[in-house]
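1. When you get a sec, could you give me coordinates for this:
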Amino acid sequence: METLNVDYIYWTFTAAAQSVAAFVGLLLAGYALVHSLMESARERDETLDEIHAALRMRFHRWLTLLAILTSLAIVLSLIVVFTNRWEFPGKYAAVGVVAAIDVASIACGLWFVVVTTDPSRYTITAERVLEERKPELALSGETVPVGKFFAVTARLERAMKKSLAAVDVVVEPPHPGRPTPFRALADALLQNERVDPESHRELLVISQYRNLVYHGHVTTADKTMMDRVMTVIKRLEKALPKQDNGKGEA
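-> Numbering: from 1, shown residues only. Sure, this is the predicted structure:
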């Protein structure tokens, strides 16, 4: 019976160490593919920048936990194999703990697969980042319909383009057939001294909030943010030559 237990433990934990190592190798290969697809999507759509940054941080935390668990699982499984020849107090309790760590590493890996392939990961992440950034954005809690907010941000983009056109600057989109990125317009305004650094930072905050609202699929936006958009629009329109100064904009 003792020989049977020794052989059973030996083969089980030898196979466990090999299986965990192979499983993690496959996970990392799969994650590399997912990451490349995410980067490709971000390059095509600049509104995903904030969400991708949050997702990378989330995936990094998962990979850190996975690395710790799998390292423990492999090393401890090999220790169990090596010490299996001897009998000592607590041996089978230690074997049980190592087996639990092996199972936990596999479970963590499977959950990582679920998280990285979740079709709603963009929406969930956008909602979470919006909630986390409420204090930083100083949101009032008073809401307006999201359609009204997007209409105002569209007016802001038109005002940004008019401001650049006033100094004969045209910002070309990085990809043909795609709209000009909001950040590229904001950077061009700063470089051509159409806005000051403070207004440039405000434009970037507005852009980030707009992107999170869009991808979070929320039905309302904060009124404070819409008021901040209107303030920037007025600054831009005020700086335009008189004949271009926002006529016809509702």
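2. List the buried residues in stretch 31-47.
-> Neighbour-count burial for stretch 31-47 flags 31, 38, 42, 45-47 (criterion: 16 or more other CB atoms under 10 Å). Yep, even glycine has a C-beta here, placed from its N, CA and C like the rest.
3. all strands of the chain, in order?
-> Here the chain has its strands, by DSSP state E, at 143-145, 220-222.
4. what sits against V170?
-> Contact analysis of V170 by CB atoms under 8 Å, 6 or more residues apart in numbering lists L164.
5. what about it, distance to E237?
-> Separation of V170 from E237 (CB to CB, to the nearest Å) stands at 19 Å.
6. what's the answer for T117, then?
-> 46 Å.
7. What of R210?
-> R210 sits 19 Å away from E237, going by CB to CB.
8. More neighbours: those two, which one.
-> Neighbour tally, R210 and E237, criterion other CB atoms under 10 Å: the higher count belongs to R210, 23 against 17.
9. what's the closest of the strands of the chain to A67?
-> For the strands of the chain, the distance to A67 is smallest for strand 220-222, at 38.7 Å, taking CB to CB.
10. Report how many residues lie close to L69.
-> 20.
11. swap that for K91, sorry
-> For K91, the count of nearby residues is 15 (other CB under 10 Å).
12. List the residues that contact it.
-> Counted by CB under 8 Å, 6+ apart, K91 has contacts T83.
13. Tell me the spacing between it and V97.
-> From K91 over to V97 (counting by CB to CB), the distance is 11 Å.
14. and the chain, what are its domains?
-> The record's domain split for the chain, according to automatic domain parsing, is 2-118, 135-244.
15. just how off-centre is the first one within its chain?
-> If I follow you right, that is domain 2-118. On the basis of CA atoms, centre = their mean, to the nearest Å, domain 2-118 is displaced by 22 Å from the centre of the chain it belongs to.
16. Can I get the domains of the chain in JSON lines including distance to E127 and mean pLDDT?
-> Putting those into JSON lines (distance: least, CB to CB, whole Å; pLDDT from 0 to 100) gives the following:
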{"stretch": "domain 2-118", "distance to E127": "10", "mean pLDDT": "82"}
{"stretch": "domain 135-244", "distance to E127": "5", "mean pLDDT": "87"}
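17. Tabulate these in JSON lines, adding columns for distance to I124.
-> Formatted as JSON lines, those follow (distance: least, CB to CB, whole Å):
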{"stretch": "domain 2-118", "distance to I124": "7"}
{"stretch": "domain 135-244", "distance to I124": "9"}
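18. Of all those, which one comes closest to A126?
-> The closest of the domains of the chain to A126 is domain 135-244. By CB to CB, the value is 3.6 Å.
19. which one is G141 nearest to, not counting chain neighbours?
-> If the residues on either side of it in the chain are set aside, G141 comes closest to D222, at 7.2 Å by CB to CB, 6 or more residues apart in numbering.
20. The one you found contacts K148, correct?
-> No: assessed by CB atoms under 8 Å, D222 is found out of contact with K148, at 11.7 Å.
21. residues shared between the contacts of those two?
-> With CB under 8 Å, 6+ apart as the test, D222 and K148 reach no residue in common.
22. okay, those two: which has more neighbours?
-> D222 (22 against 12).
23. give the contact list for the more buried one.
-> Residues near D222 by CB under 8 Å, 6+ apart: 137, 139-144, 209.
24. do A221 as well
-> Going by CB under 8 Å, 6+ apart, A221 touches 143-146, 148-149, 209, 213.
25. Redo those residues as JSON lines? Include distance to L72.
-> JSON lines is the format used below for these (distance: CB to CB, whole Å):
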{"residue": "T143", "distance to L72": "47"}
{"residue": "V144", "distance to L72": "51"}
{"residue": "P145", "distance to L72": "51"}
{"residue": "V146", "distance to L72": "46"}
{"residue": "K148", "distance to L72": "53"}
{"residue": "F149", "distance to L72": "48"}
{"residue": "Y209", "distance to L72": "41"}
{"residue": "V213", "distance to L72": "42"}
